[in-house]
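S.K.: Sequence first, then the predicted structure:
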Amino acid sequence: MVFPLLLRAQPDDPRQKHYQRNVRPIFMEHCYPCHNGEDKKAGIDFDNFFFISSIVRNGELFQEIVEQVGNRTMPPEMRTRLTQTQIDTVTYYINSYLRAALEEKDPGLIPPRRLSNQEYRYVIEDLLNLDVDVDSIFPADPSGGEGGFDNQASVLYMSPLLIERYFETADDLVETIYADQEAWRKLVPKYRHSIWASLRNFWYRVIYDRDVYLERPVRLASEVLVPFATLAYRGFIEPEEKSRLLKFFEDTYVKFEEKDDRYDASIRETLKLVLMSHSFLYRIESDPDIEGPYQISHKELASRLSFFLWSSIPDQELLNVAYKENLHDPEVIEREVRRMLKDPKSKRIGEQFAIQWLELKKLKDPAFQVDQETFPEYTMELSDLMLKEVELFFNHVLLESNNLLELIDSDYSFLNEQLANHYGINGVEGPDMRRVEFASNERGGILGMAGVLTATSLPNRTSPVLRGKWVLEQVLGTPPPPPPPDVPELDIDHDDEGTVENLRAILERHRADPTCNSCHQAMDPIGLGLENFDAIGRWRTAYGSEEIDPSGIMESGEQFKGPSDLRKILVGKRELFARNLSKKMLSYAMGRSLEFKDTPTIEHLQQNLLKTDFNSEQFIIEIARSYPFRYKKSDNKDVPRNRLAG
């Protein structure tokens, strides 16, 4: 029964029948025996590629498949080889499907999504100048997209628990700022009773039989509530919304007739209403009934820019530009991006993008363990300094040095006395983090940072496999395929003195298995090249009494003697790093996973980095100018309305 159902479900694509008759049978005969639901070698299951649309969604994978089929590296030699006709059929038709997909511009779908926890924290900071401990209040956000980011629309759903917490937090925030009368009066000027307003109301009662006593408090409330809601809702509010807010204030003001502070109390309740509105809690863009892609509004573009660069709402200046100018104009976008990058709020990129891209959020997780018996020096204070180093360094590279290649290799970092002592660096005094030039080439860039080195280690020892895999995935964007099932863990022995057996020898034994060798020959040399750093990032030269050999040969043939040479080799892989960084940053900026149809944008960003010598400011500008960042298409049919509950 499954096959007929699949046929009825297949997309209305005239090429589909030809694919089923002529192309898919080749895959099923020659590829499926190794790449199926059970074996799934290299993580590939050809059951998932029944439709042309599924091939397009996995376009990068099929480009690799076509390349390997074309140069006859797949199927492997022990399997039945493809005829030249079969090779020509696969390469021609798969390439034609992919070319056709790229010819049609597609900005992708971004459904409505709530604010992430960190976005909520920063929005409240910018609106009310209050700090919210979102980690202790809200459930942890899931992550997704190219870099495991927590701002991805596909994972930011609302839940009854979250609604309850939002309600409690809104109440607490408004009451907190009200308790600080100096802060409250900056937001809400004191309401003073006017004798003239009383006389005017008396006059209207007598002459016109009409009460006007609410006009003055409503007018003054409007001067507070409308600007606040404009910022909170990320745009000038519509007349209906303004009327709704002021009607709520008016009804509350009447209800609180017996309260001495009825004006302030009514303002407080209305502010809570704003903080519970879907216009505040959700990032929503209009979905007009339009076929095909179209430009988003200037207000929506302003919101995309501010959440990309500040993880928060647009400021009044950006809203004014969106209202009065053409924000889609490339020169206007460039001007605003440069202005926004000079704002202190742009330093949030270090915490939000860099920490997640480099997979360092785990250091904040109570479940993350470092063996205290082996490493008693590791404390939460030290862990926080490790993260702070990464944030400060990334922000300096992005916002000041303007050379993103320094992320891989540099001659400086940001340290205080405690972290410098951890690194064995003398002459740094005091608790303040500051730029420190390295006297040697032991460290440099993110690969020499204790946060990265700790996050890519096991609780009681280093792991060349984890470190090598991390470099391939997070730096070069060339992740190894998943390991085959039932692969045994590495057997690490300790002698009577607690000395770890030579990891190089252990990994060589592991690679002797042909099943393991294909992946480990790419990962292991990189990880072994970082063995001078222990599991919490300290420099070492030996395992106990045995000297460490950090030399190696990359899978691509380059030789290195240690971490310094390794970093230089990685800097030389500019194309891979540029493409990977483009994908990570575009996914973060868009708040969605990337698709094959994003390939032209990714390639444009990659070429921009290569041509500008990895100029970070120009890179950010190009993302903000890019087609998917400024366009969208409607998804009226497929967006579940209950996502907007609350």
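M.R.: Received the coordinates, thanks. Numbering: from 1, shown residues only.
S.K.: Could I get the full set of strands for the protein?
M.R.: Secondary structure of the chain (DSSP state E): strands located at 113-114, 282-283, 294-295, 412-415, 434-437, 542-543, 546-547, 552-553, 559-560, 631-632.
S.K.: Where does the prediction get shaky in the stretch 451-600 of the chain?
M.R.: Within the stretch 451-600 of the chain, the segments meeting pLDDT under 70 span 483-519.
S.K.: Which stretches in it count as helices?
M.R.: With DSSP state H, counting those that start in this stretch, the ranges of helices along the stretch 451-600 of the chain come out as 464-470, 503-511, 514-528, 563-572, 574-590, 599-611.
S.K.: Which neighbouring elements make contact with the fifth one?
M.R.: Using 3 or more CB pairs under 8 Å, 6 or more residues apart in numbering; DSSP states H and E as the contact criterion, the neighbours of helix 574-590 among helices and strands are helix 298-309, helix 355-357, helix 599-611, helix 616-625, helix 627-630. Quick note: C-beta positions are derived from backbone N, CA and C, even for glycine.
S.K.: got the angle for it vs helix 599-611?
M.R.: Per axes from the mean of the first three to the mean of the last three CA atoms, to 10 degrees, the angle that helix 574-590 makes with helix 599-611 is 120 degrees.
S.K.: what angle do helix 574-590 and helix 616-625 make?
M.R.: 50 degrees.
S.K.: and helix 574-590, which residues are buried?
M.R.: Under the neighbour-count criterion of 16 or more other CB atoms under 10 Å, helix 574-590 has 574, 576-590 buried.
S.K.: Just the angle for that helix relative to helix 563-572, thanks.
M.R.: Interaxial angle of helix 574-590 relative to helix 563-572 (the same axes, to 10 degrees): 70 degrees.
S.K.: And helix 574-590, how far out from the chain middle?
M.R.: Remark: helix 574-590 is offset 11 Å from the chain centroid, using CA atoms, centre = their mean, to the nearest Å.
S.K.: is it possible to export the helices of the stretch 451-600 of the chain to JSON lines including distance to R99?
M.R.: Formatted as JSON lines, the helices of the stretch 451-600 of the chain follow (distance: least, CB to CB, whole Å):
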{"stretch": "helix 464-470", "distance to R99": "33"}
{"stretch": "helix 503-511", "distance to R99": "39"}
{"stretch": "helix 514-528", "distance to R99": "30"}
{"stretch": "helix 563-572", "distance to R99": "31"}
{"stretch": "helix 574-590", "distance to R99": "19"}
{"stretch": "helix 599-611", "distance to R99": "11"}
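S.K.: Nearest to I94, out of those?
M.R.: Across the helices of the stretch 451-600 of the chain, I94 has its closest neighbour in helix 599-611 (14.6 Å, CB to CB).
S.K.: distance of L109 from L399?
M.R.: Distance from L109 to L399, counting by CB to CB, to the nearest Å: 31 Å.
S.K.: Residues contacting stretch 343-354, please?
M.R.: 118, 122, 126, 147, 149, 151, 309-312, 315, 340, 360, 390-392, 394-395, 398-399, 584-585, 588 (CB atoms under 8 Å, 6 or more residues apart in numbering).
S.K.: can you pull up the bridge partners for the residue most central in space within the chain?
M.R.: Nearest residue to the geometric centre of the chain (CA atoms, centre = their mean): F149, 3.1 Å. According to DSSP bridges, the residues that bridge with F149 are G144.
S.K.: In contact with it, which residues?
M.R.: S143, F353, Q356, W357, S587, Y588, G591.
S.K.: Report the separation between H18 and T89.
M.R.: For H18, the distance to T89 equals 10 Å [CB to CB].
S.K.: let me redo that: S626
M.R.: 35 Å.
S.K.: who's more crowded, those two?
M.R.: The neighbour comparison of S626 against T89 (other CB atoms under 10 Å) goes to S626, with 22 against 17.
S.K.: Would you check that the more buried one makes contact with M585?
M.R.: No: the pair S626 and M585 fails to qualify as a contact (CB atoms under 8 Å) at a distance of 10.6 Å.
S.K.: which neighbours do the two share?
M.R.: Common neighbours of S626 and M585 (criterion: CB under 8 Å, 6+ apart): L605.
S.K.: could you show me where the helices are in the stretch 1-150 of the chain, in order?
M.R.: For the stretch 1-150 of the chain, applying DSSP H, counting those that start in this stretch gives helices covering 2-9, 16-18, 24-30, 52-57, 59-70, 84-103, 117-128, 134-137.
S.K.: Which strands or helices does the fifth one pack on?
M.R.: In terms of contact count using 3+ CB pairs under 8 Å, 6+ apart, helix 59-70 is assigned the packing partners helix 84-103.
S.K.: do the same with the third one
M.R.: In terms of contact count using 3+ CB pairs under 8 Å, 6+ apart, helix 24-30 is assigned the packing partners helix 84-103.
S.K.: Check which helices and strands the helix it packs on is in contact with.
M.R.: Judged by 3+ CB pairs under 8 Å, 6+ apart, helix 84-103 is in contact with helix 24-30, helix 52-57, helix 59-70.
S.K.: ok, and what's touching it?
M.R.: With CB under 8 Å, 6+ apart as the test, helix 84-103 has contacts from 15, 18-19, 22-23, 26-27, 30, 52, 55-56, 59, 62-63, 65-66, 69-70, 72, 82, 596-597, 599-600.
S.K.: relative to helix 599-611, how tilted is that helix?
M.R.: Angle between the axes of helix 84-103 and helix 599-611 is 80 degrees (criterion: the same axes, to 10 degrees).
S.K.: What residues of helix 84-103 count as buried?
M.R.: Under the neighbour-count criterion of 16+ other CB under 10 Å, helix 84-103 has Q86, I87, T89, V90, Y93, I94, Y97, L98, A101, L102 buried.
S.K.: now swap in stretch 237-248 and tell me
M.R.: I237, E241, K242, L245, L246, F248.
S.K.: who's in contact with A522?
M.R.: By CB under 8 Å, 6+ apart, the contact set of A522 is G468, L472, T478, P480, E555.
S.K.: among the residues you listed, who's most crowded?
M.R.: Going by other CB under 10 Å, G468 tops these with 26 neighbours.
S.K.: check contacts around that one.
M.R.: A522, M523, D524, P525, I526, G527, L528.
S.K.: re earlier: tabulate the contacts of F149 in TSV, adding columns for distance to T454.
M.R.: Listed next are those as TSV, based on distance: CB to CB, whole Å:
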residue	distance to T454
S143	20
F353	20
Q356	16
W357	17
S587	25
Y588	23
G591	29
